[in-house]
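Q: what's the 3D shape of this:
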Amino acid sequence: MKPRGYFLVLALLLASNGVWAGSAAQEQAQRKIVSRFYQATDGMLEYCRGVPEAQWLAHAATVRAFWLKYPEFGKRLRDSPYYPAAVASQAQAQTAELSGMDPHFHSNECGYYQQLIQEYLDDPDGDRQAEVREMTETLAGPAAAD
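A: Numbers count the residues shown, from 1 in each chain. Okay, here's the model as predicted:
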């Protein structure tokens, strides 16, 4: 499944479960949100350091714009107890993936993630903003939904 597919599945999960069945389900959703969005944003910046400089700088600007557009989401993500595990897991996976990787494939993969994040910035219908708002509430816990 491509990275975009993960976000779509996550969005459907969040939309279809307006009320959480219990804390275990909410914790699992929080872990997934933190893991996937760390991977797509800050994690990919580290992963993409080996691409041409102009591409990396454009990617970094896109991620920076994402965090500026969604500051509360970024704060909740980074303050999550699942954030350190997401960072460690991504670092470990990157080390394994980067050894012997085709530079063209690496560049394409980084471009794909940049486009994904750009979709959250270019959101004329507000669908992505609603998705981020829902994920922010999920990261805040049950009290935020009341």
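
Q: what part of this structure, helix or strand, is modelled with the least confidence?
A: helix 142-145 (a mean of 46; mean pLDDT, DSSP states H and E).

Q: enumerate every residue touching Ile33.
A: Each residue near Ile33 by Cβ atoms under 8 Å, 6 or more residues apart in numbering is listed here: 10, 77, 135, 138-139. Where C-beta positions appear, they are placed from N, C-alpha and C, glycine not excepted.

Q: distance of the residue nearest to the spatial centre of the chain from Leu45?
A: Taking Cα atoms, centre = their mean, the centroid of the chain lies closest to Phe37, which sits 1.4 Å from it. To Leu45, Phe37 is 13 Å away according to Cβ to Cβ, to the nearest Å.

Q: again with Arg36
A: Plainly put, Arg36 is 15 Å away from Leu45 if you go by Cβ to Cβ.

Q: avg pLDDT for stretch 53-68?
A: If you average the pLDDT over stretch 53-68, you get 97.

Q: send over that stretch as CSV, restricted to the C-alpha atoms.
A: Provided in CSV are the C-alpha atoms of stretch 53-68 (Å, rounded to 0.1, in the frame of the first residue of the first chain):
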residue,chain,number,x,y,z
GLU,A,53,19.8,19.8,-2.8
ALA,A,54,17.1,21.8,-4.7
GLN,A,55,14.6,18.9,-4.2
TRP,A,56,15.4,18.6,-0.6
LEU,A,57,15.1,22.4,0.0
ALA,A,58,11.7,22.3,-1.7
HIS,A,59,10.6,19.4,0.4
ALA,A,60,11.8,21.1,3.6
ALA,A,61,9.8,24.2,2.6
THR,A,62,6.7,22.1,2.1
VAL,A,63,7.0,20.4,5.5
ARG,A,64,7.7,23.8,7.1
ALA,A,65,4.5,25.2,5.5
PHE,A,66,2.5,22.2,6.7
TRP,A,67,3.6,22.8,10.3
LEU,A,68,2.8,26.5,10.0
